[in-house]
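Chemist: build me a structure from this.
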Amino acid sequence: MGVAGSVEGMDDGRTAREEAERSGVDPVQELTPRDSLRQFRLLPRRKLPQLPPRGERWSGLLRPATLVTVGIVGVLVAVVWIGVATVRPSTPTTLDGVTAEASALVDQVVQTLDPAPTSDEETTTVQECPDGTADEQAVVTRVLTPATGFEPREWAASVREHFEAEGWNVGVETVGDRGGVDISLLGHALVPVAVEVDSDADGAVTVTVTSESRCTSSAA
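Modeler: Alright, predicted model coming up:
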């Protein structure tokens with residue numbers, strides 16, 4: 001028993017000494033509570049990933065393809081976020097807004113009349129959206145009497161040339177045997193404009209410009 005106890009005591013002494021040397025504590029000095037806490041860890045230490053030596057293969061998350069993919073995804077996320085934060089919608093969504101948009105398109109067509117018409121009457125009506133929903137749309141109509149010397153077909157040609165130069169889709173069709181002309185226009189806003197040039201038996205010419213607005217569910 002005495003020999004065994006002596007050997008066990010020596011083993012315990014060597015263990016304490018080795019632990020003290022491993023932790024950087026002077027083995028001659030007694031371990032303080034702070035030193036004891038330093039030796040106690042809930043989780044083992046983990047090494048951070050390191051670049052492999054030159055000539056060795058990449059592995060895990062440090063592969064070049066993985067790093068490049070992560071970088072590209074980060075750039076795309078940043079671009080989308082900046083776009084969403086800076087871009088503001090320009091398409092009107094209220095009834096007043098879509099009415100003003102249609103009226104402005106009609107104005108662009110009317111301004112091509114030179115000289116200015118002798119009479120100009122504008123009306124705006126609100127109707128149900130033709131797609132059968134509960135939405136509404138505005139119909140802006142202007143009826144004009146052109147000045148003396150107005151030539152419908154010459155004006156239609158000038159309208160086509162003017163708006164096609166701006167990238168609009170323009171269609172022109174002659175109607176009847178009294179010089180009537182129908183013009184259809186569709187610009188970048190994708191809101192159609194229709195023009196009808198007609199004359200009565202006495203030769204009086206009337207120009208009617210109509211635009212049906214977008215459909216909207218907001219009356220504000």
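Chemist: in the chain, where is pLDDT below threshold?
Modeler: 1-70, 79-89, 218-220 (pLDDT under 70).
Chemist: how is it partitioned into domains?
Modeler: The chain breaks down by automatic domain parsing into domains covering 2-46, 95-212.
Chemist: out of those, deepest packed?
Modeler: Across the domains of the chain, averaging neighbours per residue (mean count of other Cβ atoms under 10 Å) puts domain 95-212 on top, at a mean of 15. Backbone N, C-alpha and C define where each C-beta goes, glycine included.
Chemist: turn the domains of the chain into a markdown table, columns for distance to L76.
Modeler: As requested, the domains of the chain are arranged in a markdown table below (distance: least, Cβ to Cβ, whole Å):
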| stretch | distance to L76 |
| --- | --- |
| domain 2-46 | 31 |
| domain 95-212 | 28 |
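Chemist: out of these, which is closest to G74?
Modeler: domain 2-46 (25.0 Å; Cβ to Cβ).
Chemist: and the residue nearest to P146 when sequence neighbours are not counted, how far from Q111?
Modeler: Excluding the flanking residues, the one nearest P146 by Cβ to Cβ, 6 or more residues apart in numbering is P117, at 5.2 Å. Separation of P117 from Q111 (Cβ to Cβ, to the nearest Å): 11 Å.
Chemist: the protein: helices as residue ranges?
Modeler: Applying DSSP state H to the chain gives helices spanning 2-22, 33-39, 64-86, 95-110, 152-164.
Chemist: does A102 touch V209 like I think?
Modeler: No: taking Cβ atoms under 8 Å as the definition, A102 is not a contact partner of V209, at 10.5 Å.
Chemist: how about V170: what's its closest non-neighbour residue?
Modeler: In space, V170 comes closest to R160 once its chain neighbours are excluded; the distance is 4.6 Å by Cβ to Cβ, 6+ apart.
Chemist: actually, E173.
Modeler: The spatially closest residue to E173, leaving aside those adjacent along the chain, is D182, at 4.8 Å (Cβ to Cβ, 6+ apart).
Chemist: run through the bridge partners of the one you found.
Modeler: Residues in a beta bridge with D182, per DSSP bridges, are E173, E196.
Chemist: ok, now T141?
Modeler: Beta-bridge partners recorded for T141 (DSSP bridges): T123, T210.
Chemist: wait, what's in contact with it?
Modeler: Under the criterion of Cβ atoms under 8 Å, 6 or more residues apart in numbering, the neighbours of T141 are V106, E122, T123, T124, T125, T208, V209, T210.
Chemist: could you rerun that using 10 Å?
Modeler: Listed by Cβ atoms under 10 Å, 6 or more residues apart in numbering, the contact set of T141 reads 102, 106, 121-125, 194, 208-212.
Chemist: how close does A156 sit to V175?
Modeler: Counting by Cβ to Cβ, the gap from A156 to V175 is 11 Å.
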